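>>> predicted model and sequence below, questions to follow.
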Amino acid sequence: MEAHPTALVAVALVATLIVLDGLDEWRFRVTHGELTTALEVQRLPEVDAVLHRLSSNGVPAVARARHYRAALQFFGPSVPVEVMVPVARADDAKALLAT
């Protein structure tokens, strides 16, 4: 039984998105060390605003699984995007996001 060409493209796309997300997080970890979740964002359009708020206040952040979640926005709307920050800046990030 042969796989449908569309299914192969979908699998390749998802695999590529997972690799892109992994590379983003890996590069961020290399630069900033151990990470923790500052916030889980359910609505994808809010991720940029959260990242901007943190970075404009000097708190580096990365969105875990952002590309993968973007591909699933119609099929997996309950999958959150985790906004990750360095452990040393977690309290700062949570305070900024609470206001």
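Yes, it's here. Residues are numbered from 1 along each chain as shown.
>>> CA only for contacts and neighbour counts going forward, please
Will do.
>>> ok but Glu2 is inside a strand, no?
No: looking at Glu2 with DSSP: H, G, I helix; E, B strand; the rest coil, it is coil, so not inside a strand.
>>> now find how far off-centre the longest helix along the chain is within its chain.
Ranked by residue count, the top helix of the chain under DSSP state H comes out as helix 5-32. Offset of helix 5-32 from its chain centre (C-alpha atoms, centre = their mean, to the nearest Å): 11 Å.
>>> go on, stretch 65-84?
8 Å.
>>> pull the residues that contact stretch 47-54.
Val41, Pro60, Ala61, Val62, Ala63, Val81, Val83, Ala93, Leu96, Leu97 (C-alpha atoms under 8 Å, 6 or more residues apart in numbering).
>>> now the two most distant members of the residues you listed.
Farthest-apart pair in these is Val81 and Leu96; separation 17.9 Å (C-alpha to C-alpha).
>>> which one of the two has more residues nearby?
Set Val81 next to Leu96 and count neighbours by other C-alpha atoms under 10 Å: Val81 wins out with 24 against 14.
>>> skipping its backbone neighbours, what lies nearest the more buried one in space?
Distances taken as C-alpha to C-alpha, 6 or more residues apart in numbering put Val41 closest to Val81, at 5.2 Å, once the chain neighbours are dropped.
>>> thank you, goodbye.
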